[in-house]
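Enquirer: need a 3D model of the following:
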Amino acid sequence: MPTASPSSVPLKRVSTTVSKCSPWLTPLAYFLGEKFVVPSYFRKIHIYGQENLPTSGPLILAPTHRARWDSIVIPYVAGRSVTGRDLHFMVTSDEVQGVQGWFIRRLGGFAVNVRSPSISSLRHGIELLQEEHPLVIYPEGNIFRDNQVHRLKPGLARIALQAEAQTHELGVKILPVSIQYEDPTPNWRNDVKITFGQPLDTASYLPSHQSHLLTAEELKTAARRLTDDLAAQMNALSDVQRLPQ
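Expert: Just a heads-up that it's a prediction; the model follows:
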């Protein structure tokens, strides 16, 4: 997840052109993942706090990042069969190469170069929220297999704040999610536990109740507060309980 902030120039509501969910491939992928891949690979799938998952409005899912399986598990517990909505994923530019990239782009993924993030990629995340799509961003950035929540990147908070600052009526929510696997590297017939926390209201972190472009200092201060609160919630979720035996 990149640390660069989006541009401070006004952002228009435009149709998304970078991240598209294929009308035929996306339903097929969700069906195969939900009916066959996830339930056949894992022995038990423990889901907690799913009632906290909004089914409408702009949403950022903020999961811990423990394995490549995360991007298959998250749609299983928060995708179209649960909320009626398809998820859009922010992924690294390295992951959208070749055949894999072809599939990712048609399943709602869009790329960010974490070493040199472009304004257009970050702006696209804001546009998705303005169009009230659910967006998945891993705030830790990388995969960590030690079940500890690592320092969060501020990019997620900045995208949410920039989107909300346009009107103060958008209602962007950020939902912390803890993913825990029985083994650090998930093996066949392991258990997996997914816990949803309480959503954070982005508007409450803005410095004013009036719509205006955030100054660089306002954005930095608000993003720091929001990131700290998100980290606290993610830590609490990860510590709440171990996988049932």
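Enquirer: where do the strands of this protein begin and end?
Expert: Using DSSP state E, the strands of the chain run over 44-48, 59-63, 88-92, 109-112, 134-136, 173-181, 191-196, 200-201.
Enquirer: residues touching His65, list them.
Expert: 138, 140-144, 179 (CB atoms under 8 Å, 6 or more residues apart in numbering). Quick note: C-beta positions are derived from backbone N, CA and C, even for glycine.
Enquirer: show the pLDDT at the spatially closest residue to it that is not a sequence neighbour.
Expert: Spatial nearest neighbour of His65, excluding adjacent residues (CB to CB, 6 or more residues apart in numbering): Tyr138 at 4.1 Å. Looking at Tyr138, its pLDDT stands at 95.
Enquirer: count of neighbours near Tyr138?
Expert: Residue neighbour count, defined by other CB atoms under 10 Å, stands at 26 for Tyr138.
Enquirer: just read off the phi/psi values of it.
Expert: Taking degrees, to the nearest 10, you get phi -90, psi 100 for the backbone angles of Tyr138.
Enquirer: that one reaches Asp70, doesn't it?
Expert: Yes. Tyr138 lies in contact with Asp70 (CB atoms under 8 Å); the separation is 7.3 Å.
Enquirer: what sits in contact with each of these two?
Expert: By CB under 8 Å, 6+ apart, Tyr138 and Asp70 have these common neighbours: 63-64.
Enquirer: low-confidence ranges in the chain?
Expert: Scanning the chain for pLDDT under 70 picks out 1-18, 113-118, 209-211, 241-245.
Enquirer: residues contacting Glu34?
Expert: 75-76, 79, 81.
Enquirer: ditto for Arg225
Expert: Tyr205.
Enquirer: and stretch 45-61, what's buried?
Expert: Neighbour-count burial for stretch 45-61 flags 47, 49, 53-54, 58-61 (criterion: 16 or more other CB atoms under 10 Å).
Enquirer: just those residues now: which is nearest Thr185?
Expert: For these, the closest approach to Thr185 (CB to CB) belongs to Ile47, at 21.5 Å.
Enquirer: would you agree the closest one is in contact with Ile194?
Expert: Yes. Under the criterion of CB under 8 Å, Ile47 makes contact with Ile194 at 5.3 Å.
Enquirer: what touches both of these two?
Expert: With CB under 8 Å, 6+ apart as the test, Ile47 and Ile194 both reach Val77.
Enquirer: which of the strands of the chain sits closest to Thr221?
Expert: strand 200-201 (16.1 Å).
Enquirer: hmm, who's touching that closest one?
Expert: Against strand 200-201 from outside (CB under 8 Å, 6+ apart): 171, 173-176, 226, 229-230, 233.
Enquirer: which one of the residues you listed is nearest Asn187?
Expert: Of all the contacts of strand 200-201, Asn187 sits closest to Pro176, with 26.1 Å by CB to CB.
Enquirer: and that closest one, how many neighbours?
Expert: Quick note: Pro176 (other CB under 10 Å) scores 29 neighbours.
Enquirer: now do the contacts for it.
Expert: 62-63, 196-198, 200, 230, 233-234, 237.
Enquirer: rerun at 6 Å
Expert: Shown in contact with Pro176 (CB atoms under 6 Å, 6 or more residues apart in numbering): 62, 197, 230, 233-234, 237.
Enquirer: can you put those residues in TSV and add distance to Ser40 and neighbour count?
Expert: Below are the contacts of Pro176 laid out as TSV (distance: CB to CB, whole Å; neighbours: other CB atoms under 10 Å):
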residue	distance to Ser40	neighbour count
Ala62	28	28
Gly197	28	21
Leu230	33	23
Gln233	32	21
Met234	29	23
Leu237	27	24
